[in-house]
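Novice: Test case, fold it:
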Amino acid sequence: MAVMSFTDLPGEIRNKIYNHLLILPALSTPRLLGDPPLYPQILSVCRQVHAEAKQILYGCNTFLAHPNLLGEMPRLRLYYDTIHSRSLISLIQRFHIRVRLDCDPNFSAAKAAESFTGVEELAIEVFQAQFGSSDYEVLKLFEGIRGVRRARVYGSVTAFPEYVEWLQDAMKTPEGEEVEVFDKEKVGAQDQSIFTSIMDTHQDTSAPQVPDNGEPSSRIQPPNLLQRRSRLGMQQFRNCTALLHFWELDLGYRIGLRRTQTLVFWACQEQFEVPALREVSSIAKVRKWNVIISARTLDSLPACGFFELCRAISRGAPKHIEVAIVPKFIEYGVTKWEAMEVALSPLRLLRNVETFMIRDTSPFEIPDTINQDEDVVQFISAMDDYLVLEVNLILLAQGNDPVEKCFEMFGNLVRYAQAFEKIRRYKQDMDRTKIGEQCNFDPDILVVPEVETEGLGWYITSSTNPFKMVCQPHPVEAGLRDACSCSDDEDVSGFKTHRAAVVEYLEPQFQCIQAAASHMLEFTKEEKTSGGLSDCYDALHYDFSEGGISKIVTAMVLLEKYDTAFDRDMPLQIKAHIRQHRSGFKKLYAPYGIGVDLLDA
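Specialist: Residues are numbered from 1 along each chain as shown. Model prediction:
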């Protein structure tokens, strides 16, 4: 049996070994016992190993930039010698530099741009002798750097987080593109209410525009709800309190969040899409919440906005949550209310809250647009008959019992189902978590004969997904639709039922994919040897005799088998519909390379 040397190992395995021997953790990574040992002796094994390992040692490690010469004399760590070789310095793509704010630097902006433009990673560690004694003047020397793949500025920067964020974005901007000049007025700007910073659902006291016909104009710009990127740092989020009203009356226009996460001006019936609250990363940073909700029941108002907030809060680590409920008979024209078990059910998602409180609102907390009577001494409490419910919610919120979150489980289910679909368009249609649309497929509208469109040919409607036909949807799409409905209501039992149906339907295809992948993996391992079909280092000398050609054909068959394993299993009705409208589908999808493989199903 021939002896295998180190160079006979596949390149992937050799690279793994190089990584273990030659790479140190980044300088910004906290370590209890210091850096692990480095073994550069492997570079002296032979020329091939030296050429391969050199790229990893200098290209994948983070090097300390010289405080004055920057990239000209870097070193791996302070206890290593500086590097003088130009050829080795050219391999370095990751730099770490320490910058002191209260001292004049000994390099220029041009030097910084020359040294760090185009590198893969640049970390700037900022420090000063006394906190708050200096501004960001020294950091301006790095404003000319461009094309950095990953840029990070950290350390003593809490006084100007807005500038740090702008500088990081500027350094990551590709070379040649213009960068907006930083506005100095943004530094130190803080909104005392996270409500106006994150949500920005401000109340406009100006009069509405009224056209000549005397009716309010329907061209009303939506409030900048969740669209403006918050500029507050982590410390401000922890210290400030978020005040959020889950109803808002502004000049007679009711605003709310529907199940589709759409901002609606009910008076003019205009709709504006906004991202789900749980998709806004700033929400999870808030530590103190004061939320005012109403338990009223109105067909025109949404039911799941409070659910969305609690889902978003549950992803963070809130310390204080105070929920104030509008008492009954306070709001104009409201005579029906939800049961408190239903209205407060979103609070069951919360855990590990240090201080949790449920109370009635005071007269001064209710906007005048809801009720102007601030002199009322006593309201009818919404929680008088629900003391047991209040205690249970407080115990849940302050405890650490496990909680099943349907919205997270649904996201995992969608990603699992998408793995069985090859066509990108249909993958996207599976995910209803973004806008909550129902993609109804109407075959009578989709394909219209050319004679009926006056020579315009077949045309594409807004919904062209045969797996979501109204009359007979695909079992997977139908299961996802029902699971999403249960997820909206946090119905764990119903969600698990529909999830089981989807997983059970996909199980045969999963077994088929797993078997095809296993056969392909076994073949690859057999051929990933010297002289084999997968030998990337000796491909020019491959044996193309009858035995070699047979291996190539076998590999093609295995690949085709693996590709075929991802073909959707379609019910008879969907297959018949695609075959019936074959020419229409072909004209619809052939120019885009989408769905053509379904035509031969």
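Novice: Quick one: name whatever helix or strand follows the lengthiest helix in the chain.
Specialist: Ranked by number of residues, the top helix in the chain under DSSP state H is helix 492-527. Scanning forward in sequence from helix 492-527 by DSSP states H and E, the next helix or strand is helix 546-564.
Novice: Next, the angle from the longest helix of the chain to helix 546-564.
Specialist: 170 degrees (axes from the mean of the first three to the mean of the last three C-alpha atoms, to 10 degrees).
Novice: So what's the model's average confidence on helix 492-527?
Specialist: Average pLDDT, helix 492-527: 92.
Novice: Check which helices and strands it sits against.
Specialist: helix 406-418, helix 475-488, helix 546-564 (3 or more C-beta pairs under 8 Å, 6 or more residues apart in numbering; DSSP states H and E). C-beta: built from backbone N, CA, C; applies to glycine.
Novice: List the buried residues of that helix.
Specialist: By neighbour count with 16 or more other C-beta atoms under 10 Å, helix 492-527 contains the buried residues 494-495, 498-499, 501-502, 505-506, 509, 512-513, 516, 520, 523.
Novice: Need the winner for burial among the helices and strands packed on helix 492-527.
Specialist: Per-stretch averages of neighbours, counted by mean count of other C-beta atoms under 10 Å, single out helix 475-488 among the helices and strands packed on helix 492-527, with a mean of 21.
Novice: avg pLDDT for that helix?
Specialist: On average, helix 475-488 scores 89.
Novice: My understanding was that Arg149 contacts Phe116; is that so?
Specialist: No: judged on C-beta atoms under 8 Å, Arg149 makes no contact with Phe116 at a distance of 11.4 Å.
Novice: These two: which is more packed in?
Specialist: Neighbours of Arg149 and Phe116, each counted by other C-beta atoms under 10 Å, are more numerous for Phe116; the result is 24 against 13.
Novice: Any stretches of the stretch 351-500 of the chain with poor pLDDT?
Specialist: 363-379, 432-464, 470 (pLDDT under 70).
Novice: how about the strands of it, start to end?
Specialist: 355-360 (DSSP state E, counting those that start in this stretch).
Novice: Based on its surroundings, how many neighbours for the closest residue to Leu139 other than its chain neighbours?
Specialist: Distances taken as C-beta to C-beta, 6 or more residues apart in numbering place Leu167 nearest to Leu139, at 6.1 Å, with adjacent residues excluded. Residues near Leu167, counting by other C-beta under 10 Å, number 23.
Novice: just Thr117 next, same as before
Specialist: Neighbour count of Thr117, defined by other C-beta under 10 Å: 15.
Novice: Next one: it, what pLDDT does it get?
Specialist: Turning to Thr117, the model gives it a pLDDT of 93.
Novice: hmm, back to that, if we take the buried residues of helix 492-527, which one ends up nearest to Gln573?
Specialist: Nearest to Gln573, judged by C-beta to C-beta, of these is Tyr505 at 15.5 Å.
Novice: Tell me who's in contact with that closest one.
Specialist: 475-476, 479, 569 (C-beta atoms under 8 Å, 6 or more residues apart in numbering).
Novice: Tell me the one of these nearest Ala419?
Specialist: Of those, the one sitting nearest to Ala419 (C-beta to C-beta) turns out to be Val476, at 11.4 Å.
Novice: Could you check how far the closest one is from Ser493?
Specialist: From Val476 across to Ser493, the span is 21 Å (C-beta to C-beta, to the nearest Å).
Novice: domains for the chain, by residue range?
Specialist: Domain segmentation of the chain under automatic domain parsing yields 6-182, 194-201+224-398, 406-600.
Novice: now, of those, which is deepest in the fold?
Specialist: The highest mean neighbour count among these, using mean count of other C-beta under 10 Å, belongs to domain 194-201+224-398: a mean of 17.
Novice: thinking again about what came up before, would a markdown table of the contacts of Tyr505 with distance to Phe420 be doable?
Specialist: Formatted as a markdown table, the contacts of Tyr505 follow (distance: C-beta to C-beta, whole Å):
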| residue | distance to Phe420 |
| --- | --- |
| Pro475 | 12 |
| Val476 | 8 |
| Gly479 | 12 |
| Asp569 | 9 |
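Novice: among these, which two are most distant?
Specialist: Longest distance between any two of these is 13.5 Å, between Gly479 and Asp569; criterion C-beta to C-beta.
Novice: Lys427 touches Glu421, doesn't it?
Specialist: Yes: between Lys427 and Glu421 there is a contact at 5.0 Å, judged by C-beta under 8 Å.
Novice: what ranges of the stretch 501-601 of the chain fall below the confidence cut-off?
Specialist: For the stretch 501-601 of the chain, applying pLDDT under 70 flags the ranges 531, 535-544, 546, 587-601.
Novice: meant to ask about the stretch 1-150 of the chain, not that
Specialist: Residues of the stretch 1-150 of the chain meeting the criterion pLDDT under 70: 1-2, 28-34, 131-132.
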